[in-house]
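In: When you get a sec, could you give me coordinates for this:
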Amino acid sequence: MRYDRAHLDGVLRICAAEDWPSFPADAERAHVVLTAPGVTSVVAVEGDEVVGFAYLQSDGHIQAHLSLMAVAATHRRRGVGRALLEYAAPLTGALRIDLVTDTAQDFYSSFQHHTYNGFRIYPG
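Out: Got it, this is the predicted structure:
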């Protein structure tokens, strides 16, 4: 389902468990980012618990970027990540999704894809 402010604590909990400090460092900033123009944020929920989320940025026509996606360790290998991407992709309006990963190559290579070299630039 689409992200809503009620899901924020669950998203922050997953980020903290992954040792991703940017979102948990400032909850309000995280919410603004997850709801910014051009952003598609979706969550997987089981009962009242957020068990996964995906955050994509898109121009709405051609290009999207999967900026963050994680599934709680207790819910991995159950199709949650695939379901998140398959649900979010058409919501972006884009024809393709680029991403960078250092831990989930096998997962992402299970999708139709092309592999390219890339860089993440940290200005200043």
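In: For the rest of this, base every contact and every neighbour count on C-alpha atoms.
Out: Noted.
In: May I ask which helix or strand encompasses the residue nearest in space to the middle of the chain?
Out: Central residue of the chain (C-alpha atoms, centre = their mean): Ala54, 2.2 Å from the mean position. Assigned by DSSP states H and E, Ala54 belongs to strand 49-58.
In: Now do that strand, average pLDDT.
Out: Strand 49-58 shows an average pLDDT of 97 in the prediction.
In: Next, count neighbours for Phe53.
Out: 28 (other C-alpha atoms under 10 Å).
In: got it, and Thr35?
Out: Thr35: 16 surrounding residues under other C-alpha under 10 Å.
In: How about the contacts made by it?
Out: Counting by C-alpha atoms under 8 Å, 6 or more residues apart in numbering, Thr35 touches Ser41.
In: just to revisit the earlier point, could you double-check that the residue nearest to the centre of the chain sits in contact with His65?
Out: No - in this structure, Ala54 is not within contact of His65 by C-alpha atoms under 8 Å, at 10.7 Å.
In: For Leu84, give its distance to Tyr116.
Out: To Tyr116, Leu84 is 23 Å away according to C-alpha to C-alpha, to the nearest Å.
In: How about Pro37?
Out: The gap separating Pro37 from Tyr116 is 27 Å, by C-alpha to C-alpha.
In: And those two? Which one has more around it.
Out: A direct count of neighbours by other C-alpha under 10 Å for Pro37 and Tyr116 places Pro37 higher, at 11 against 8.
In: So the more buried one lies in a strand, does it not?
Out: No - per DSSP: H, G, I helix; E, B strand; the rest coil, Pro37 lies outside any strand segment and is coil.
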